[in-house]
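> quick one: sequence plus predicted model below, questions after.
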Amino acid sequence: MKSRSGIFKRFKGFRVQGFKNRGSRIENGGWRRNAIFYLRSSILALLISLSFDLSSASAQEPFYKGKTIRIVVGLSAGGGYDRAARLISRYMGKYIPGNPDMIVQNMPGAGAVIATNYVFGVAKPDGLTLLMPHNNVYLNQLAGHPEAKFDLLKFQWIGAAEKDDMMVFMRSDAPYKSIGDVVRAKEPPKCGSTGAGSSDYVMSRILEETIGAKINNVVGYPGSSEIALAVERGEVICMGLTVSTFFTRQPFLSWQKKGFVRFLAQSGRNRDPRVTDAPTVYELMKEYKTAPTSRRVAEAMLAGGEWARSMLVSPGTPPDRIKILRDAHDKTMKDPELIAEAKKGRVDIKSTTGEELQGMAKEAMEQPPEVIEQIKKLFVQ
């Protein structure tokens, strides 16, 4: 931007040149009109230059500066997803240009379908609203539930903090001592559930499809904390969770210590070292000689274990902001302080990038017609 002294210096040069051209004779009013015209032109140039400088400064200002990012969690406060969101929110902002504040909003209901619908169809696609749903929420879309108003493949995936297997467990004083007892039972046990995408619901449907174990799901609980209370009160006798959630928080740690529950089955290919007495779904499918189509159905329903504690943004979010968020999430997962805090809470960070998740989600959603048809039958509520 030109200084005032520079402008008047140039104006002075014009005046001297006018005297040279005219000699000692000044035509009446000529020099004055030329001087006024030049002064006006110089002021206009100064204003244009100032405007350009201000616009450039504004363009260089980080989008996220002075803003707040909201993480919408599809389950109730206090659960594993809520705790993961709050942990990430304490560190991720410092890796985003502009250092925005980050807050967590719980929007429980229907196994995270309500929150997923909201971020997909209501929230502005500006990169200021992030979604952390239950990792099995995709099954609502595969099953064709009318409540699912979203298309998972149109979301942009930012990253996932964990890979996590599911398990089903039951009160120790219940009459079912093993998953085999459930298979043989005339009356199915009652298990609490948040909805069709929850761990207990998915595991129960997998066990029904692969080995014929029937479980009566009592749906509608906001989250695992409320289901745990129902188990303690005897309203239901079993529930499902991801393995990491069970071994990181109360009351489950106390339950294990007191022998209040027993583990029935788990979803991983190998037994988790903390759940050695419960068979895996893959062991059970081999034992019960599960048919190939039913095995394929089970594998499709287990895909969500690869993207536990995932984070997504709305369709239409600008590409540059998607990149900013993905880079920030990747750096956050490597933050020494976050890793230390996670270990203190018995959480093992096993992150996946947004680019990887985008491809995995596509693979999970592209199932043959016979598999989709069977999932629809299993997920009738």
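Now that the structure is in, tell me what you want to look at. In this text, all values refer to a predicted model and were calculated from it rather than measured experimentally.
> my guess is Tyr81 contacts His134. True?
Yes: with contact defined as C-beta atoms under 8 Å, Tyr81 reaches His134; the gap is 6.7 Å. Heads up, the C-betas are built off the backbone N, CA and C, glycines and all.
> please identify every residue contacting each of these two.
Gly74, Leu75 (C-beta atoms under 8 Å, 6 or more residues apart in numbering).
> what lies in contact with the strand or helix carrying Lys323?
Here Lys323, judged by DSSP states H and E, is contained in helix 319-333. Under the contact criterion C-beta under 8 Å, 6+ apart, helix 319-333 has outside partners 63-64, 88, 91-92, 95-97, 126-127, 130, 156, 158-159, 161, 311, 313, 338, 349, 351, 353-355.
> of those, buried ones?
63-64, 88, 91-92, 95-96, 127, 130, 156, 158-159, 161, 311, 313, 338, 349, 351, 353-354 (16 or more other C-beta atoms under 10 Å).
> buried sites along the helix holding Lys323?
By neighbour count on 16+ other C-beta under 10 Å, the buried set for helix 319-333 is Arg321, Ile322, Ile324, Leu325, Arg326, Asp327, Ala328, His329, Asp330, Thr332, Met333.
> and the fourth one, what's its pLDDT?
Which is Leu325. On the pLDDT scale, Leu325 is placed at 98.
> same deal with the first one?
On pLDDT, Arg321 comes in at 98.
> circling back to that earlier point, which neighbouring elements make contact with whatever helix or strand comes next after the helix holding Lys323?
For helix 319-333, the following helix or strand on the C-terminal side (DSSP H and E) is helix 336-344. Judged by 3 or more C-beta pairs under 8 Å, 6 or more residues apart in numbering; DSSP states H and E, helix 336-344 is in contact with helix 80-89.
> can you list the strands that the following helix or strand past the helix it packs on pairs with?
Later in the chain than helix 80-89, the nearest helix or strand by DSSP H and E is strand 101-106. Counting by DSSP bridges, the strands paired with strand 101-106 are strand 68-73 (parallel).
> kindly export the strand it pairs with (C-alpha atoms) in PDB.
Extracted C-alpha coordinates of strand 68-73, given in PDB (Å, rounded to 0.1, in the frame of the first residue of the first chain):
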ATOM      1  CA  THR A  68     -16.900 -24.000  17.200                       C
ATOM      2  CA  ILE A  69     -17.000 -27.600  15.900                       C
ATOM      3  CA  ARG A  70     -19.800 -29.800  17.200                       C
ATOM      4  CA  ILE A  71     -19.400 -33.500  17.500                       C
ATOM      5  CA  VAL A  72     -22.800 -35.200  17.400                       C
ATOM      6  CA  VAL A  73     -22.700 -38.500  19.200                       C
END
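> relative orientation of it and helix 80-89 in degrees?
160 degrees (axes from the mean of the first three to the mean of the last three C-alpha atoms, to 10 degrees).
> now strand 68-73: buried residues?
Applying 16+ other C-beta under 10 Å to strand 68-73 flags Ile69, Arg70, Ile71, Val72, Val73 as buried.
> got it, and stretch 120-137?
Buried residues in stretch 120-137 (16+ other C-beta under 10 Å): 120, 123, 125, 127-137.
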